[in-house]
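J.: requesting a structural model of the entry that follows:
(2 chains)
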Number of protein chains: 2
Amino acid sequence: MADAINTLNIDSPFEMYRGGALARAQVVYETLGELNAKADNGVLVFTGLSPSSHVASTVYDPRAGWWEDMVGPEKPIDTHRFFVICVNSIGSCFGSTGPASDDPATGKPYETSFPVLSIEDIAAAGNAVVESMGIDSLAAVVGPSMGGMTALAFALAYPDKVRNFASISSAARALPFAIAIRSLQREVIRSDPAWRDGNYGEDEPVLGMRLARKLGMLSYRSAHELQQRFGRERVSEERRKGDDFGTEFEVESYLEAHAEKFVGTFDANCYLYLSRAMDFFDAADHGGSLEAAFARISLQRALVVGVRSDILFPLAQQQELAELLKPRAKSLDFHALDSIQGHDSFLVDMDRFRPVVAEFFNGLD
Amino acid sequence: MADAINTLNIDSPFEMYRGGALARAQVVYETLGELNAKADNGVLVFTGLSPSSHVASTVYDPRAGWWEDMVGPEKPIDTHRFFVICVNSIGSCFGSTGPASDDPATGKPYETSFPVLSIEDIAAAGNAVVESMGIDSLAAVVGPSMGGMTALAFALAYPDKVRNFASISSAARALPFAIAIRSLQREVIRSDPAWRDGNYGEDEPVLGMRLARKLGMLSYRSAHELQQRFGRERVSEERRKGDDFGTEFEVESYLEAHAEKFVGTFDANCYLYLSRAMDFFDAADHGGSLEAAFARISLQRALVVGVRSDILFPLAQQQELAELLKPRAKSLDFHALDSIQGHDSFLVDMDRFRPVVAEFFNGLD
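T.: Predicted coordinates for the structure are as follows:
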């Protein structure tokens, strides 16, 4: 096995964590590097809400991946050494089965008839991928943001398969400020008349997705960064849009550009399901308390990285994760980074993130 | 003069700061206490975006006011000593002329034909009130949030009339994170088909106002407070609303309750104009730089109060204000409060706010 883009047909039925089941579900994943003879150098990468399985460029897909700086030959997660597997989340829309996929029972898209999605389902689909390759011990499971929640759900469900664990700007459970932001994002999508109770077909609820993305951007970045980048700068006359309430400040133009870029790249129903899955996630569900849940895990090394300016997965949640993991790992690396780009820092402040991830992976046995 | 609710007819035309003019504009204000013989014990209070001139209960309106705990006999702003004047902002919808008022030229509501509104216009209308009462020296000008910006605009425009100045959770200028939040609030209102380009008549854009209020609440409170109050609590079965994406967590129910309460209490166009006026505000417009602008002011005492958990008017902006005021006042009180209720703390954490405001007003000559 080497670099590849694969589709796995998951055994039917795929029972969902909160009820319901999927028939003939598929999961798309990409691999980079070589699985060794002992099949024990696998690194399973879960993604945030919106990326695909394309974590980094390969000969099969030379486009830059969502974590291009982090995964590849001689990169922090070194594909000369590790066999990296990145999974498109169940419930997403980049090949894996989700609300936009056809329901085999009807031949039509699931839309809102898709069963309630949980982070645990994404982890289970990842496990199906790992099993299909005959891997029963992973060098590491890693994920940023929602992917960190999924990596944790995986470690809790299959503790014997995880030797090392890395959480990047993630959390052991969703807290109310993040839930509230996501709830409002979902509400603006569902309030768009074009959403049509999820039955929008080809005609996406563009307005709702634009507004949800703008709200997302406000939670993904930091006030400090916006201040440094835009201050009170006005847009030039030719870029001014709309009436007196239109685009006047550079920061408004920035949000507008991100909204434009996002529209058409992600299915609205998939967004709703994945977003809600994050709200539901609470590691304490797997033991009655967080401590009891984490008692299932036994690790060689654990890594927790967070960012001081992150308002969506705040530093206190990184500290909580580190404290929970400390008794469960022979060693724990905890980094509170000073990046100013907020939650998105793991995608953009690579000068700070590369060294801490590299140090962790270099130190694995 | 004593407790009263008054309407002042402002001299026509009322020239607006960014162009245009209002004919036969009116401003509503309430007074509490007695103006002394020297007419020098006036305290001019400007409001945040949404309150009316009803700052505290009087015999004329016994309902609790928006700053009931702060203004009244024996209260921190003691109406046995001071003659308090609270002005409903020009551009608002509680009696003062705004987009919902009839344009005398057409006999129909201004709606979006209202001229661009500035914080400076609100200050100028306040000055018209003060002039009408023959007051040429105010004991103090004070305001929270947008009202603090207005108080500052007043002090910059009429420096000889202001002996003391108090800014509560406000700022010398709008910064991009706050601009972005307000921009998105305006966009959700304007995106509501019921807004009808501002011509909604009696049929308010309820959906847009609800969503804008929810987004507002997320910026008015703090993540820490939401965590303490709601954690991951679920709503009871009978209070569950909607489908799988409906109200599930207590924090969602909290936002819903605030949205419900807000709808019907504030005109949508007025909201848009006042919100945009805050974005435009930059004290540096009155001198080329903040320092040059503040050089106009000469105060006895100045008070700056802010809250560490405020994300809309963050502590750094309170510190900036304090530094700007320090050389302009014989003494400066600066308080960074540990309230966890974010920007709204000045309305709810009275145990922290009362003493600092009382100390300031007690100390005035």
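
J.: give me the contacts around whichever strand or helix holds A:Ile181.
T.: Secondary structure from DSSP states H and E places A:Ile181 in helix A:176-191. With C-beta atoms under 8 Å, 6 or more residues apart in numbering or on different chains as the test, helix A:176-191 has contacts from A:171, A:195, A:205, A:208-209, A:211-212, A:215-216, A:219, A:268, A:271-272, A:275-276, A:278-279, A:311-313, B:188, B:207, B:211, B:214-215, B:218, B:222-223, B:226-227, B:229-232, B:245, B:249-252, B:255. (Glycine included, C-beta is placed from N, CA and C.)

J.: tell me which parts of the stretch 101-250 of chain A are close to chain B?
T.: Proximity of the stretch 101-250 of chain A to chain B (C-beta under 8 Å from any C-beta of the partner chain) is limited to residues A:112, A:116, A:173-177, A:179-181, A:183-184, A:186-188, A:190-191, A:193, A:207, A:211, A:214-215, A:218, A:222-223, A:226-227, A:229-232, A:243-245, A:248-250.

J.: list the contacts of A:Leu207.
T.: Per C-beta under 8 Å, 6+ apart, neighbours of A:Leu207: A:192, A:194, B:191.

J.: just give the closest residue to the most centrally placed residue in chain A, not the sequence neighbours.
T.: Chain A has A:Gly48 as the residue nearest its centroid, 1.3 Å off, counting by C-alpha atoms, centre = their mean. Leaving aside its chain neighbours, A:Gly48 sits nearest to A:Ser145 (3.9 Å; criterion: C-beta to C-beta, 6 or more residues apart in numbering or on different chains).

J.: cool, A:Ser170 as well?
T.: A:Gly148 is the one closest to A:Ser170 (C-beta to C-beta, 6+ apart), at 2.3 Å.

J.: packing partners for the one helix or strand that neighbour maps to?
T.: Here A:Gly148, judged by DSSP H and E, is contained in helix A:146-157. Using 3 or more C-beta pairs under 8 Å, 6 or more residues apart in numbering or on different chains; DSSP states H and E as the contact test, the elements touching helix A:146-157 are strand A:42-45, helix A:119-132, strand A:138-144, strand A:164-168, helix A:268-280.

J.: again, only using 6 Å
T.: With contacts defined as 3 or more C-beta pairs under 6 Å, 6 or more residues apart in numbering or on different chains; DSSP states H and E, helix A:146-157 has these neighbours: helix A:119-132, strand A:138-144, strand A:164-168.

J.: just give me how far it sits from the chain centre.
T.: 10 Å (C-alpha atoms, centre = their mean, to the nearest Å).

J.: and for it, what's in contact with it?
T.: Residues from elsewhere that reach helix A:146-157, judged by C-beta atoms under 6 Å, 6 or more residues apart in numbering or on different chains: A:46-49, A:119-120, A:122-123, A:126, A:141-143, A:162, A:165, A:167-168, A:170, A:278, A:281, A:283, A:286, A:293, A:296-297.

J.: flag the shaky bits of chain A, pLDDT-wise.
T.: By pLDDT under 70, the low-scoring segments of chain A are A:1-2.
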